[in-house]
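coords please:
(one chain, ligands or ions: 1)
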Amino acid sequence: MKTILILNGPNLNLLGTREPDLYGHESLKDVEALCAESAQAHGFNVQTLQSNHEGALIDAIHQAGAAHKAGTLLGVVFNAGAYTHTSIGLHDAIKGIQPCPVVEVHISNVFAREGFRHHSYISPVAAGSIVGFGIQGYQLAIQALAQA
Ligand code: DQA
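Sure thing, here's the model as predicted:
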């Protein structure tokens, strides 16, 4: 059974208590459990990782690329948090593991928020982006990977 990596970036460990009006009341653990359920329904396992460190996220993307090449990983669901708007390093890492598909997810509608959230370094190298559907976005991303 192939794996889907659910990768979460900075501050997403605070889900449930951080700005709940924007990000909801569900914890990261709840989100990861939801992802495991959705993936299982499509015949996949999940591996989950959250880090507040850009380099650790880059390392995880490289490892995902190797696993994709080895045929054990279907793709990556990635909420890069604030690094979305700043990180050329993450952009290059995702580009570097192509054709491994990376689906970009944002819980909030970043385009309805501050101007600095309107640009994403992830979008141009992502297989697609799901934005503004709350934590359901993770499930939509899993569905997109499973049915691609
Ligand atoms: C976010 C949106 C980002 O702008 C923000 O920095 C986050 C969360 C989202 O899921 O809506 O940390 O990626």
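
which element is the spatially most central residue of the chain on?
Centroid check for the chain by C-alpha atoms, centre = their mean gives Phe78 as the closest residue, at 1.3 Å. If you go by DSSP states H and E, Phe78 is part of strand 73-79.

is any part of the helix or strand following that strand close to the ligand?
Using DSSP H and E, the next helix or strand after strand 73-79 towards the C-terminus is helix 88-96. No. Helix 88-96 is not in contact with the ligand by C-beta under 6 Å from any ligand atom; minimum separation 12.2 Å. Backbone N, C-alpha and C define where each C-beta goes, glycine included.

got the angle for helix 88-96 vs strand 73-79?
160 degrees (axes from the mean of the first three to the mean of the last three C-alpha atoms, to 10 degrees).

what's in contact with stretch 19-30?
With contact meaning C-beta atoms under 8 Å, 6 or more residues apart in numbering, stretch 19-30 is reached by Asn8, Leu12, Asn13, Leu15, Gly16, Leu34, Gln50, Ile107, Ser108, Gly134, Ile135.
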